[in-house]
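Q: my questions are about this predicted structure, shown below with the sequence.
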Amino acid sequence: MRSRRAILVGASIVLLVAVWVISGLDRADVAAERVFPEEAIARADAYRAPLHRAFALRVALDLGLLASLAFTGAGAWLGRLRGPRWVRGAILAIAALVVLRVLVRLPVSFWAGYLHEHEWGFSTQTVWGWLSDVGRSVAVALAVSIPAYAAAVWVVRRFPRRWPALLAPATAALVLSASFVWPVVVEPLFNRFEPLRGPAAERFESLADRAGLPIEGVLVADASRRTRKENAYVSGFGDTKRLVLYDTLLRSAPLEEVEVVVAHELGHRRGGHVLWGTLVGAVGAAGVLVLLWLLARRGSAAEATGASGVADPRMLPALLLAIALLNLAALPPANLVSRAFEKEADRYALSLTGDPEVYAATQRGLALRNLSDLDPGPVAYRFLFTHPPAPERISYATGP
């Protein structure tokens, strides 16, 4: 038994090292100083470095909370929720943990999302507006997690031997359906969307027609009610597919630069990146569930937590801790895939617009106005960078 455990630990360490190395191999050797002045790099670092530390602190607080609830007497109250009314116990357990996880991270989140953003002139929210967003996020999390966890507990109790085979595809289906309905159900809870009209809309629709990717319109999100940062994105697939521009982008960037951004988003559509990302997420979610089954089937896991089984609320913090650790370990490879998608969309935008100077000016302007991290360290690059750094993106047009 000890030899098997040693082999498992050794293989896990080798796998993590391999993931760490591979997830950084895509970084191009483009010196930030060649593209941006030193004062711009220093200013961006002064803004971003504290946010990176805040991210690490939030992760540590979350893992610490779950570990203490799972393996110490601090989580004993969860065991008292079990009983003949298992549904009530499941609902109370998942609801309590969703709220507790938000509360333990709230001071750091408030500093990073409100105080720091105001200090640097980005946030346009009041305290009440920020807290209202937190409340809506918690409501969404509860609306998803309560029925999902209750259903999972029912399946485990009803099919104690077959539940992994039933829940794995169900989990994948949940991820797929969430990505489909998110743009039309959840996004409107946080922003208002209006169709873009006028010459700009006609110009972007003409660009899409020229690319062979016709769009029914571009939506404008009222992002300025929260931030001065600029962004755009695509979400959904099938009938819920949409292309969204922040109103801050339309106000601050020249029209030809916004066109580059639209071309970039069309590149995501051409590559089917939202669908591919969703499929990868669905497979990953099913895989996580299988790993949880392997963890839960060992008697030592239940013994360590004092749970009677995987459906016991006392086991929930350990399961959530395992999910959190797996998600953290998955960030570098997930970001590697995301950066590959972004590179493909960037190169497509460059070829579609056919103007390297405007493309480079677009990337430079967005990076400076958003204070993007221009020279990230290896840890930040792997764990936080879903996009290539701005100097690398500019090099596509200007050369290495």
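A: Nice, thanks for sending it over.
Q: give me the neighbour count for S109.
A: Number of residues near S109 (other Cβ atoms under 10 Å) recorded here: 18. For glycine as for every other residue, the C-beta is placed from the backbone atoms N, C-alpha and C.
Q: renumber starting at 40 from here on
A: Sounds good: first residue 40 from here, last item S148.
Q: and the next helix or strand past the host helix or strand of it?
A: S148 belongs to helix 125-149 when assigned by DSSP states H and E. Using DSSP H and E, the helix or strand that follows helix 125-149 in sequence is helix 155-158.
Q: buried set for that next one?
A: H155, E156 (16 or more other Cβ atoms under 10 Å).
Q: what's in contact with stretch 269-285?
A: With Cβ atoms under 8 Å, 6 or more residues apart in numbering as the contact definition, stretch 269-285 has outside contacts at 218-223, 226, 232, 235, 254, 257-260, 262-263, 268, 287-288, 291-292, 297, 300-301, 303-305, 307-308, 312-314, 317, 405, 408-409.
Q: which stretches in this protein count as strands?
A: Under the criterion DSSP state E, the chain contains strands at 232-234, 258-260, 271-274, 281-285.
Q: neighbours of the closest residue to A211 other than its chain neighbours, just the number please.
A: Nearest residue to A211, sequence neighbours excluded (Cβ to Cβ, 6 or more residues apart in numbering): A321, at 3.9 Å. A321 has 20 neighbours, counted by other Cβ under 10 Å.
Q: so how far is E381 from A321?
A: According to Cβ to Cβ, to the nearest Å, A321 stands 21 Å off from E381.
Q: before we move on, what about L328?
A: 29 Å.
Q: what of D172?
A: The value you get for D172 to E381, if Cβ to Cβ is used, is 26 Å.
Q: between the two, who's got more neighbours?
A: Remark: of D172 and E381, E381 carries more neighbours, 20 against 16, as counted by other Cβ under 10 Å.
Q: residue contacts, that one?
A: Shown in contact with E381 (Cβ under 8 Å, 6+ apart): T425, H426, P427.
Q: how about a cut-off of 6 Å?
A: Contacts for E381 (Cβ atoms under 6 Å, 6 or more residues apart in numbering) come out as H426.
Q: and if you look at A93?
A: Here A93 is in contact with V147, A151 (Cβ under 6 Å, 6+ apart).
Q: kindly recompute the last result at 8 Å.
A: V147, W150, A151, H155.
Q: same question, L294
A: A239, R242.
Q: make it 10 Å
A: P238, A239, R242, F243 (Cβ atoms under 10 Å, 6 or more residues apart in numbering).
Q: same thing with V223?
A: V223 makes contacts with F232, S274, G275, D278, T279, R281, as judged by Cβ under 10 Å, 6+ apart.
Q: if we use 6 Å, what do you get?
A: Neighbours of V223 in contact, by Cβ under 6 Å, 6+ apart: T279.
Q: where does the stretch 190-339 of the chain dip in pLDDT?
A: 337-339 (pLDDT under 70).
Q: ok, so what distance separates N374 from D278?
A: Taken as Cβ to Cβ, the span from N374 to D278 is 29 Å.
Q: compare those two and say which is more crowded by neighbours.
A: A side-by-side neighbour count of N374 and D278, using other Cβ under 10 Å, places N374 first with 20 against 8.
Q: wait, isn't that one in contact with H426?
A: No: if you go by Cβ atoms under 6 Å, N374 and H426 don't touch, sitting 9.0 Å apart.
Q: between those two, which contacts overlap?
A: Both N374 and H426 lack any common contact, where contact means Cβ under 6 Å, 6+ apart.
Q: got the buried residues for the biggest helix by length in the chain?
A: Taking DSSP state H as the criterion, the chain has its longest helix at helix 355-392. For helix 355-392, the buried set under the neighbour-count rule, 16+ other Cβ under 10 Å, comprises 355-363, 370-378, 380-389, 391-392.
Q: quick one: that helix to chain centroid distance?
A: Helix 355-392 has its C-alpha centroid displaced from the chain centroid by 8 Å (Cα atoms, centre = their mean, to the nearest Å).
Q: packing partners for the helix holding S148?
A: Using 3 or more Cβ pairs under 6 Å, 6 or more residues apart in numbering; DSSP states H and E as the contact test, the elements touching helix 125-149 are helix 77-110, helix 166-197.
Q: minimum distance to A346: which of those helices has it?
A: Checking the helices and strands packed on helix 125-149 against A346 by Cβ to Cβ gives helix 77-110 as the closest, at 9.1 Å.
Q: what's the mean pLDDT across that closest one?
A: Across helix 77-110, pLDDT averages out at 96.
Q: could you list the buried residues of it?
A: Those would be 79-80, 82-84, 86-87, 90-91, 93, 96-98, 100-101, 104-106, 108-109, for helix 77-110 by 16+ other Cβ under 10 Å.
Q: now it against helix 125-149, angle please.
A: Using axes from the mean of the first three to the mean of the last three Cα atoms, to 10 degrees, the inter-axis angle of helix 77-110 relative to helix 125-149 is 150 degrees.
Q: what angle separates helix 77-110 from helix 355-392?
A: Using the same axes, to 10 degrees: helix 77-110 against helix 355-392 is 150 degrees.
Q: can you give me how far helix 77-110 is from the chain middle?
A: Counting by Cα atoms, centre = their mean, helix 77-110 is centred 15 Å from the centre of its parent chain.
Q: now do stretch 236-248
A: With Cα atoms, centre = their mean, you get 30 Å for stretch 236-248.
Q: give me the contacts around that stretch.
A: The contact list for stretch 236-248, computed with Cβ under 6 Å, 6+ apart, reads P253, I254, V257, V301, L305.
Q: of those, keep whichever come out buried.
A: Buried among the contacts of stretch 236-248 by 16+ other Cβ under 10 Å: I254, V257, V301, L305.
Q: about what we covered before: most packed of the strands of the chain?
A: Compared across the strands of the chain, strand 281-285 shows the largest average neighbour count, a mean of 23 (mean count of other Cβ atoms under 10 Å).
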